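Undergrad: please find the sequence and the predicted model below.
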Amino acid sequence: MVQSLARRALGLLPKTEKWQACRESWQTQLDTLSEESRHLLTEKSRCLKIFAVHLCKLFLMYTIPSFCLRFMGLSSALSFGQVQLLTALMLFLSNALPNVAGMGSIETAFLLVFGAFLTRGETMSVLMLFRIASYYVVVAVSAVGFFFAQKNAKKLG
């Protein structure tokens with residue numbers, strides 16, 4: 001259904017030569033995506049592995065603030081379940097907030113949500129650890145993973 005909507009949206013693009021080339025390229029990519037999606041859905045074990053990876057990723061994302069609180073020695077301030085709920089609320093709010101003056105929506109939502117339960121200094125310290133763990137560590141791990149994936153692709157190709 002999403003691919004069908006994307007095809008309709010491509011039909012609304014201007015009929016110029018430049019847009020025609022883009023439309024054809026995007027149409028080819030949509031066709032490839034559709035074919036690979038159908039192929040992927042036939043492999044149930046791979047779908048379960050992808051689901052497990054995403055489940056693990058979300059669990060880690062929701063537990064990072066708890067780890068940060070524990071690392072700062074503030075674990076007695078909030079229970080694990082409370083931190084999970086506050087993190088869910090923080091991520092929910094971050095999708096509704098705009099990115100203004102270089103301060104991202106996640107930072108603003110974090111300060112709004114966790115600031116009600118921690119002092120300003122504690123909140124800022126935990127926020128810094130949270131951003132390091134949820135952004136910089138992820139980028140570093142992704143770079144290493146991409147390196148190994150590229151190395152594997154060269155061996156296979």
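TA: Received it, and whenever you're ready, just let me know what you need.
Undergrad: contacts, neighbours, all on C-alpha from now
TA: OK.
Undergrad: pLDDT of stretch 43-59, averaged?
TA: Mean per-residue pLDDT for stretch 43-59: 92.
Undergrad: check stretch 72-88 too.
TA: Stretch 72-88 shows a mean pLDDT of 86.
Undergrad: report the distance from it to the chain centre.
TA: The chain centre lies 21 Å from the centre of stretch 72-88; the measure is Cα atoms, centre = their mean, to the nearest Å.
Undergrad: I'd like the distance between Ala116 and Glu17.
TA: With distances taken as Cα to Cα, to the nearest Å, Ala116 is found 56 Å from Glu17.
Undergrad: Ala6 now?
TA: 20 Å.
Undergrad: backbone dihedrals for Ala96, please?
TA: phi -100, psi -10 (degrees, to the nearest 10).
Undergrad: ok now the longest helix along the chain, how far from the chain's centre?
TA: As assigned by DSSP state H, the longest helix anywhere in the chain is helix 44-71. For helix 44-71, the separation from the chain centroid amounts to 11 Å (computed by Cα atoms, centre = their mean).
Undergrad: what helices or strands is whichever helix or strand comes after that helix leaning on?
TA: Next helix or strand after helix 44-71 toward the C-terminus (DSSP states H and E): helix 80-94. In terms of contacts (3 or more Cα pairs under 8 Å, 6 or more residues apart in numbering; DSSP states H and E), helix 80-94 is packed against helix 44-71, helix 105-114.
Undergrad: pick the most deeply packed of the ones you listed.
TA: helix 105-114 (a mean of 19; mean count of other Cα atoms under 10 Å).
Undergrad: who touches that one?
TA: Contacts to helix 105-114, defined as Cα atoms under 8 Å, 6 or more residues apart in numbering, come from residues 86-87, 89-91, 93-99, 123-124, 127.
Undergrad: hmm, which of the residues you listed is lowest in pLDDT?
TA: Asn99 (72).
Undergrad: from Arg131, how far out is the nearest residue to that residue once chain neighbours are set aside?
TA: Once flanking residues are discounted, Asn99 sits nearest to Ser105: 5.3 Å by Cα to Cα, 6 or more residues apart in numbering. Going from Ser105 to Arg131 by Cα to Cα gives 12 Å.
Undergrad: what of Phe80?
TA: From Phe80 over to Arg131 (counting by Cα to Cα), the distance is 19 Å.
Undergrad: now swap in Phe92 and tell me
TA: Distance from Phe92 to Arg131, by Cα to Cα: 17 Å.
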